[in-house]
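Here you go, sequence then predicted model.
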Amino acid sequence: MATRKRLSPEESRDAALEAARALLIEAGPQAVTLKAVAAMIGRTHANLLHHFGSAAELQADLARYLTGMICAKIRDVVLANRSGVGSPRDVVDLTFDAFDREGAGALASWMLLTGNRNALDPIVETIHDLVIELDEFGGETRRDTTLALTLMALGDALLGGPLSRALELPRTAARDRAEAMLREAMEDAG
């Protein structure tokens with residue numbers, strides 16, 4: 001009989017969050033259950049209950065985890081852009097991909113639909129902290145641009161494909177507009 005490797009509480013949580021992320025990307029937010037995650041990492045449902053308390057808390061922790069990863073990548077791209085490497089399009093693509101391919105848009109919508117609105121607070125705080133840390137643009141311009149970019153990426157993740165087809169626009173139309181907005185904001189701030 002094979003024995004399971006004993007994981008520290010942090011290792012167990014990290015493994016569960018990575019499994020939850022994989023489920024989110026592969027099958028959507030409704031698939032991110034304690035039972036499914038436990039099965040993916042070879043743990044018990046009770047083990048995950050111990051670490052997360054409920055599926056809603058697992059999803060909230062997943063949202064925090066994704067946001068932390070995404071904001072760290074965006075931070076790195078913005079800093080690279082400041083040093084002459086990269087472009088505003090890199091920031092746009094990372095943001096749009098986070099909401100679309102990484103599942104953050106679907107997860108945020110799922111949490112809203114299931115009444116788990118409080119789980120969005122740490123996401124909003126993480127984005128706020130990133131904006132303040134980078135302080136690339138002055139005052140309200142920076143915040144307006146961040147708000148618009150985030151909402152454009154969320155909307156594109158949820159309706160971008162069908163809406164761009166219906167309006168007979170290229171699939172990249174929202175990204176292209178977001179890039180133009182970001183470039184304009186940078187020029188105004190510079």
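Arrived safely.

Okay, buried residues for the lengthiest helix in the chain please.
Assignment by DSSP state H gives helix 55-82 as the longest helix of the chain. Of all the residues in helix 55-82, those buried under the rule 16 or more other CB atoms under 10 Å are 55, 57-67, 70-71, 73-74, 77-78, 81. (Each C-beta comes from the backbone N, C-alpha and C, glycine too.)

can you give me the helices for this protein?
Under DSSP H, the chain gives helices at 9-27, 34-41, 45-52, 55-82, 88-99, 104-113, 121-134, 139-155, 161-166, 173-189.

Which neighbouring elements make contact with the fourth one?
Same thing as helix 55-82. With contacts taken as 3 or more CB pairs under 8 Å, 6 or more residues apart in numbering; DSSP states H and E, helix 55-82 sits against helix 9-27, helix 34-41, helix 45-52, helix 88-99, helix 104-113, helix 121-134.

pLDDT of it, averaged?
Helix 55-82 carries an average pLDDT of 84.

Next: the third one.
Helix 45-52 shows a mean pLDDT of 88.

Give me the neighbour count for residue 9.
9 (other CB atoms under 10 Å).

contacting residues around it?
Residue 9 makes contact with residue 51, according to CB atoms under 8 Å, 6 or more residues apart in numbering.

The same query, at a cut-off of 6 Å, please.
By CB atoms under 6 Å, 6 or more residues apart in numbering, residue 9 lies in contact with nothing.

residue contacts, the closest residue to residue 183 other than its chain neighbours?
Spatially, and ignoring its direct neighbours in sequence, residue 183 is nearest to residue 88 (5.2 Å; CB to CB, 6 or more residues apart in numbering). Applying CB under 6 Å, 6+ apart to residue 88 gives the contacts 179, 182-183.

quick one: which of those residues is most hemmed in?
residue 182 leads these on contacts (other CB under 10 Å) with 22 neighbours.

now it: how far from residue 128?
18 Å (CB to CB, to the nearest Å).

can you check residue 9 too?
Distance from residue 9 to residue 128, by CB to CB: 28 Å.

How many residues are close by the nearest residue to residue 22 once chain neighbours are set aside?
Closest residue to residue 22 apart from its sequence neighbours, by CB to CB, 6+ apart: residue 40 at 7.1 Å. Using other CB under 10 Å, residue 40 has 15 other residues around it.

doesn't residue 21 make contact with residue 40?
No: under the criterion of CB atoms under 6 Å, residue 40 makes no contact with residue 21, lying 10.5 Å away.

follow-up on the earlier one: report the angle between the longest helix of the chain and helix 121-134.
10 degrees (axes from the mean of the first three to the mean of the last three CA atoms, to 10 degrees).
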